[in-house]
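Visitor: here is a sequence together with a model predicted from it:
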Amino acid sequence: MVTKALLCGMMLAIAMPADAAPASIERPGTILYGVAYYDEYTPVDRVDEDARMMRAAGINVVRIAESTWGTLERQPGVFDFTHVDRMLAAMHRQGIKVIVGTPTYAVPTWLARQHPDVLQRPGQYGTRQNMDITDPDYRAACERVIVALIDHVKDHPAVIGYQIDNETRTFPLDTPRIQAAFKAGMQRKWPSLDALNAAWGLNYWSNRINDWDDFPTTTHSINASVTSAFAEFQRTLVTDFLVWQSQLVRGHSRPGQFITHNFDYDFDGGFSSGLQGRANHWRSAKAVDITGVDIYHPSQEKLTGTEIAFFGDLARSIRPGENYFVIETEAQGFPQWTPFPGQLRLQAFSHLASGANMVSYWHWASTANAIETYWRGLLTQDYQPNPVYDEAKTIGADLKRLGSKLVDLKKDNKVAIYVSNNALTAFDAFRINADGRQISYSNVVRGFYDALYRQNIEVDFVSVDAPVPLDKYKLVIVPALYAASDAEIATLNDYAKRGGHLLYSFKSGFSDENVKVRYASQPGAIAEAAGVKYQLFTIPNDVSLADDPFKVGDAENRPRWWMEMLTPTTATVVARYKHPSWPATAAMTRNGWGKGEVSYVGFMPTDAMAEKLLADEVRRAGVEVPAEHWPLIVRRGTARDGRSLRYVLNYSATARPVIDATGGTELLSGRKLAAGEAIDLAPWGVAIVQGR
């Protein structure tokens, strides 16, 4: 068992963990189509009937057990595997594979009673993820249940892999123990208090630390250097916890079984909306063999496919270029998500178009009580077939027939977006108050990504936490890199110097990695490569761009959110501001840098302007801008057999003819297409064209 001394040592360690993956795992040779299933929640005994209905719908994998620790272990060390055994037996009889989850994200009542310090807020029991993942008593209980569960199921022929924990993030990981661990970590990182005080600017408001015994908690800090350092430490604890679980599962599982985790994203607005700042997915992905993600998105008239593509591209990029599992997405979900006829099919194939090897719904049916009563599954509370289930059957039938042709789709994108957890935390410490809302880092990233998506320009994401050779890309877009080291910026600038095209947005390079504003002309280390500097900035009101340089019309020709008044040093002016009181300073510039080019945008463009601006940058980098435009989305890749695959997706309620330029075979219908022949896409329709 894990000792308290060992746990404390693990908790204090903030170094990057080693990759926990084994030499080889057994990967599915087809698309997995699944649901989460909980016999523990089911109102009547119907596990065999559910398994038969799943098989009839083409479901070939279920995910179980991650939510039911209190059912599995009724008292410490007293295990009841009845529900697990029933589900495994029923699924195996129907030829359905099983992913078993470690049930550690919702603690049982007995653990909270016996060890109150397990809870982040002692005495406040009820919600999930209310525990301190570094607590020794929690870890010891986790180890006991994980080992018992894995030892019990590992040799069952239906079990193909494991999900460790569930949507793990910091929640908020701010106990006295964690504050003490943070202080100890900072003592190791900053042996000199003078250096720490200087780096964090702690002379302000008498925050200076003159003795380590005076080190305060970060809970109410007004200093973004402090809060950003603590956020990075918290993210490291999440990574440590997932690696610890992964190694524990690995030590007890059967060779060949994979480990995954369902990373989730910011849920602003009631659906997956932005990057997750409370976990570092790039680092935590080293704990798993296959990246898993949860993607929830608007539906009905608000279904655009943007969230499916954005988070799919992120998932494919955090273990660069690898395919991933969608472990949770909606079937019906919230009442406002109940899909129009045809949308469930469109959504499923949209996930595959980004490189997913699995699409799984949360969950099979709908609960009869508790907080998620109105988060509906593939079935409703009566557990009977319904139009959504009937549509799922068509998806399952197609995947049974075509799954081996669609699995392991590979991308060769030439455009990348550079993202950073450190920049996210730092930017969000000073969110921009504009348009009646608080503008976040993810709002900026999504503003650039969404404009590319609508033009069918596919991208990868790159990060300092999972470095890849930038030279494989012709254009790298860097939104709001607010906090970054000189070395990080030098890596980007050197990419341009070697011949790449680089686009920085406003609020990049402003502060160093410690969120201390650079004592230099802004944008700091970017200034020379971009050939530009600025001193003044403001929130634009009634400002436009002179001469409408992107030809978008008066309504869209307006900077929004932020406005840096740029002064070129060696750069060429692309656009200037226009306002009766502000000088006509530069708004966007381009600069030759070595063999490449660096563009700098000192404002946030409107949606239409972002499309035109980015299309220009893409073409200048030598990348083709496709002719198709949203609501017609075309996603491309290469299949395992080396042939091209083109997913053609109609995100509208209007039927649309689509001309396929190169021809091939439309896989869903089996129809042969000549070059230049039209495909008639139904409302919310999808086609998959396999090249010759």
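Guide: Now that the structure is in, tell me what you want to look at.
Visitor: domains in this protein, by residue range?
Guide: Listed domain ranges for the chain are 30-169+258-406, 415-620, 632-690 (source: automatic domain parsing).
Visitor: how long is the first one end to end?
Guide: Taking CA to CA, to the nearest Å as the measure, domain 30-169+258-406 stretches 7 Å from start to finish.
Visitor: I'd like the domains of the chain as a markdown table, with distance to Trp205 and mean pLDDT appended.
Guide: (Glycine included, C-beta is placed from N, CA and C.) Shown next, in a markdown table, are the domains of the chain (distance: least, CB to CB, whole Å; pLDDT from 0 to 100):
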| stretch | distance to Trp205 | mean pLDDT |
| --- | --- | --- |
| domain 30-169+258-406 | 25 | 97 |
| domain 415-620 | 15 | 97 |
| domain 632-690 | 50 | 95 |
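Visitor: tell me which of the ones you listed approaches Tyr204 most closely.
Guide: domain 415-620 (10.9 Å; CB to CB).
Visitor: span of that closest one from start to end?
Guide: Using CA to CA, one end of domain 415-620 lies 12 Å from the other.
Visitor: distance of Leu452 from Ile539?
Guide: Separation of Leu452 from Ile539 (CB to CB, to the nearest Å) stands at 26 Å.
Visitor: what of Asp548?
Guide: Applying CB to CB to Asp548 and Ile539 gives a distance of 21 Å.
Visitor: same question, Ala655
Guide: For Ala655, the distance to Ile539 - CB to CB - is 44 Å.
Visitor: who's more crowded, these two?
Guide: Ile539 (15 against 12; other CB atoms under 10 Å).
Visitor: ok, the more buried one touching Trp561?
Guide: Yes: between Ile539 and Trp561 there is a contact under CB atoms under 8 Å: 7.3 Å.
Visitor: and for the two, which residues touch both?
Guide: Taking CB atoms under 8 Å, 6 or more residues apart in numbering as the criterion, Ile539 and Trp561 both touch Ile432, Ala434.
Visitor: longest helix in this protein, by residue count?
Guide: Counting by DSSP state H, the longest helix found in the chain is helix 224-250.
Visitor: distance to Leu202 added to the domains of the chain, as TSV?
Guide: As requested, those are exported to TSV (distance: least, CB to CB, whole Å):
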stretch	distance to Leu202
domain 30-169+258-406	23
domain 415-620	10
domain 632-690	49
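Visitor: closest to Thr227 out of those domains?
Guide: Short answer: domain 415-620, nearest of these by CB to CB, at 6.2 Å.
Visitor: and Tyr374, how many neighbours?
Guide: With other CB under 10 Å as criterion, Tyr374 counts 11.
Visitor: from Gly270, how far out is the closest residue to it other than its chain neighbours?
Guide: Leaving aside its chain neighbours, Tyr374 sits nearest to Pro335 (6.3 Å; criterion: CB to CB, 6 or more residues apart in numbering). The gap separating Pro335 from Gly270 is 12 Å, by CB to CB.
Visitor: what's the answer for Asp85, then?
Guide: Asp85 is 37 Å from Gly270, by CB to CB.
Visitor: the two - which one has more neighbours?
Guide: Asp85 (14 against 11).
Visitor: just to confirm, which helix or strand has the more buried one in it?
Guide: Under the criterion of DSSP states H and E, Asp85 resides in helix 82-93.
Visitor: quick check: phi and psi at Asp313.
Guide: phi -60, psi -40 (degrees, to the nearest 10).
Visitor: from what I see, it and Ile457 are in contact.
Guide: No: in this structure, Asp313 is not within contact of Ile457 by CB under 8 Å, at 11.3 Å.
Visitor: now Phe171: closest residue in space, sequence neighbours ignored.
Guide: The nearest residue in space to Phe171 (CB to CB, 6+ apart) is Gln129, at 4.5 Å.
Visitor: to Phe215, which of the domains of the chain lies closest?
Guide: domain 415-620 (16.4 Å).
Visitor: what pLDDT does Val2 get?
Guide: The score at Val2 is 36. That number is its pLDDT.
Visitor: give the buried residues for the helix or strand in which Asn433 is found.
Guide: In the assignment (DSSP H and E), Asn433 maps to strand 432-434. For strand 432-434, a neighbour-count test (16 or more other CB atoms under 10 Å) marks Ile432, Ala434 as buried.
Visitor: direction included, what does it pair up with?
Guide: Under the criterion DSSP bridges, strand 432-434 sits next to strand 437-439 (antiparallel) in its sheet.
Visitor: the helix holding Asp85: what's the following helix or strand?
Guide: Assigned by DSSP H and E, the successor of helix 82-93 is strand 97-101.
Visitor: residues contacting Ser511?
Guide: By CB under 8 Å, 6+ apart, the neighbours of Ser511 are Ala426, Tyr482, Ala483, Val517, Arg518, Gly524.
Visitor: please name the nearest non-neighbouring residue to the second one.
Guide: It refers to Tyr482. Among residues not flanking Tyr482 along the chain, Phe427 sits closest, at 4.2 Å (CB to CB, 6+ apart).
Visitor: who touches the helix or strand the one you found falls within?
Guide: If you go by DSSP H and E, Phe427 is part of helix 421-429. For helix 421-429, contacts defined as CB under 8 Å, 6+ apart pick out 224, 227-228, 231-232, 235, 275, 277, 280, 282, 440-442, 444, 463-465, 480-484, 507, 511, 513, 515.
Visitor: if you set the cut-off to 7 Å instead, what comes out?
Guide: By CB atoms under 7 Å, 6 or more residues apart in numbering, the residues outside helix 421-429 that reach it are 224, 227-228, 231-232, 235, 275, 277, 280, 440-441, 465, 480-484, 507, 511, 513, 515.
Visitor: show only the entries of the residues you listed found in helices.
Guide: Residues of these located in helices (DSSP H): Ala224, Thr227, Ser228, Ala231, Glu232, Arg235, Tyr441.
Visitor: redo the residues you listed as JSON lines? Include neighbour count and distance to Met91.
Guide: What follows is those, written out as JSON lines (neighbours: other CB atoms under 10 Å; distance: CB to CB, whole Å):
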{"residue": "Ala224", "neighbour count": "23", "distance to Met91": "50"}
{"residue": "Thr227", "neighbour count": "19", "distance to Met91": "46"}
{"residue": "Ser228", "neighbour count": "27", "distance to Met91": "45"}
{"residue": "Ala231", "neighbour count": "25", "distance to Met91": "40"}
{"residue": "Glu232", "neighbour count": "17", "distance to Met91": "41"}
{"residue": "Arg235", "neighbour count": "26", "distance to Met91": "36"}
{"residue": "Tyr441", "neighbour count": "27", "distance to Met91": "42"}
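Visitor: phi, psi for Leu32 please.
Guide: Backbone torsions for Leu32, taken as degrees, to the nearest 10, come to phi -90, psi 130.
Visitor: oh sorry, the question was meant for Asp48
Guide: Per degrees, to the nearest 10, the backbone of Asp48 is at phi -70, psi -40.
Visitor: skip the chain neighbours and tell me the closest residue to it.
Guide: In space, Asp48 is closest to Ala90, 5.1 Å off (CB to CB, 6+ apart).
Visitor: run through the neighbouring helices and strands of the stretch of helix or strand Asp494 belongs to.
Guide: Following DSSP H and E, the helix or strand that holds Asp494 is helix 486-497. When contacts are defined as 3 or more CB pairs under 7 Å, 6 or more residues apart in numbering; DSSP states H and E, helix 486-497 sits against strand 475-478, strand 501-505, strand 586-593, strand 596-601.
Visitor: returning to what we had before: separation between the residue nearest to Phe171 and Asp607?
Guide: Counting by CB to CB, the gap from Gln129 to Asp607 is 35 Å.
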